[in-house]
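Student: Here's a sequence, model it:
(one chain, ligands or ions: 2)
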Amino acid sequence: MAKILGIESSCDETAAAVVEDGTRILSSVVASQLDTHGKYGGVVPELASREHLRAIVPVVREALERAGTDLDGLAAVAVTAGPGLVGSLLVGITYAKALCFARGLPLVAVNHIEGHIHAVISQARGGGRPVEYPALALVVSGGHTHLFEVREGPLYRLLGKTRDDAAGEAFDKVAKLLGFGYPGGPVIDALAPHGNPHAVKFTLAKMKGNTLDFSFSGIKTAVLRWVEQRGMSAEIEARREMLRSNPHPTVEEWLAVTPRATLDLAASFQRTVIEELLRHAVAAAEGIGARSLIVSGGVASNAGLRAAAEEARLPCPVHFPAPRLSTDNAAMIAAAAFVKYGRGEFADMTLAASASLTLAG
Ligand code: KG4
Ligand code: ZN
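Tutor: Ligands and ions are numbered 1, 2, ... in the order given. Predicted coordinates for the structure are as follows:
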């Protein structure tokens, strides 16, 4: 039995979890900084580091307590080494090193993107439908939109990625533009069923070169042009005003300040992004003869994407993580670390934060 403490602080969530043998989640604690960054409409790196510093000790303590263990009961400590915000990553890395140094525990460095993929692999190992290889992984979050071929090992090969904005970033930027605050994905997801997804036709850029690459900056510009042409500033200001006094509106409260045409716009934007993600995932899966499709990262919690993936004619079974494992968490980091732990792949005290760490070519 190997219990691994995972620590994740790459962006705006301070998270710690204890996972046994890479599959059994004994605890998973996530302290979100949404209330800190929400009023700025996006993550402010300096504030993120400060919030991580405040949260890291109590979050790790709570994860150990909920798992019913202490540091002496651990086999290793795993930490996200990148990609992410350097100042944020450093908080987790420094604390993980300190724990390892003090208790003589091995340190395991984990790539955040590999963590997202392992959220699904470990869930499947822990009793879900098994992931079969080769698998195609679509990692869609605020920072990444990547397609990987995953082979047993696991070994990764990058097949395509966004050339500009990540899909989650597009959700966030469009939501901010429309006055829905930050993060935008969950709000657009909740409002999309109230609009007509076919009302607005967006055309996405045709990819030259690698046709599996994505580009989402054009759709954001198209929404901006739509907003400018329709003179929507009064309704946008009404929503911003509501957010100032009520930072977490309900769907009904949003609907009260959002005309039908804007709901149609949001629904059409979401449909276009989902279709693009699935079109590329299907093409990539067919290209490698995938036997499983893994969809992970914050955008994987999108209800519209999950429904579309179920309805689509996919070449192989699709696996989504449980919603709480879709967005950033440390259970996925501890799960990914278990494989490295088994192989004796340990980091040492020179481990540095790597803002642009890649998983494969
Ligand atoms: O994986 P994650 O927590 O952090 C990164 O690694 O980036 O993903 C956060 C991103 C944000 O852009 C957020 O708007 C998006 O995931 N997101 C969603 C939904 N929930 C979170 N996007 C669409 N629909 C959702 N339900
Ligand atoms: Zn993430």
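
Student: contacts and neighbour counts: CA atoms only from here.
Tutor: Fine.

Student: Please identify the buried residues of the top helix by length along the chain?
Tutor: Secondary structure of the chain per DSSP state H: the longest helix is helix 260-288. In terms of neighbour count (16 or more other C-alpha atoms under 10 Å), helix 260-288 has its buried residues at 262-274, 276-278, 280-282, 284-285.

Student: neighbours around Ala337, how many?
Tutor: By other C-alpha atoms under 10 Å, the residues close to Ala337 number 33.

Student: in the helix or strand where it lies, what counts as buried?
Tutor: Here Ala337 sits within helix 331-343, counting by DSSP states H and E. Under the neighbour-count criterion of 16+ other C-alpha under 10 Å, helix 331-343 has 331-338, 341 buried.

Student: What residue spans form the domains of this protein?
Tutor: 3-119+325-343, 167-316 (automatic domain parsing).

Student: Tell me which of these sits most buried.
Tutor: domain 3-119+325-343 (a mean of 23; mean count of other C-alpha atoms under 10 Å).

Student: Return the mean pLDDT over that one, rounded to an integer.
Tutor: Averaged across domain 3-119+325-343, the pLDDT comes to 95.

Student: any idea how far the helix holding Ala337 is from the chain center?
Tutor: Here the centre of helix 331-343 is set off from its chain's centre by 18 Å, with C-alpha atoms, centre = their mean, to the nearest Å.

Student: looking at it, Cys316 is touching Ile294, isn't it?
Tutor: No - judged on C-alpha atoms under 8 Å, Cys316 makes no contact with Ile294 at a distance of 10.1 Å.

Student: before we move on, what SS does Val200 have?
Tutor: When states are read from DSSP: H, G, I helix; E, B strand; the rest coil, the local structure at Val200 comes out as coil.

Student: show me what contacts it?
Tutor: Contacts for Val200 (C-alpha atoms under 8 Å, 6 or more residues apart in numbering) come out as 264-265, 268-269.

Student: And the pLDDT for Gly231?
Tutor: For Gly231, pLDDT reads 89.

Student: do the same with Gly361
Tutor: So Gly361 comes in at 59 (pLDDT).

Student: all strands of this protein, in order?
Tutor: Using DSSP state E, the strands found in the chain span residues 3-8, 13-20, 24-32, 76-82, 107-111, 135-140, 145-151, 155-161, 292-296, 318-319.

Student: would you turn those strands into a markdown table with distance to Thr250?
Tutor: Output for the strands of the chain, formatted as a markdown table (distance: least, C-alpha to C-alpha, whole Å):
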| stretch | distance to Thr250 |
| --- | --- |
| strand 3-8 | 29 |
| strand 13-20 | 23 |
| strand 24-32 | 19 |
| strand 76-82 | 33 |
| strand 107-111 | 35 |
| strand 135-140 | 25 |
| strand 145-151 | 29 |
| strand 155-161 | 34 |
| strand 292-296 | 26 |
| strand 318-319 | 29 |
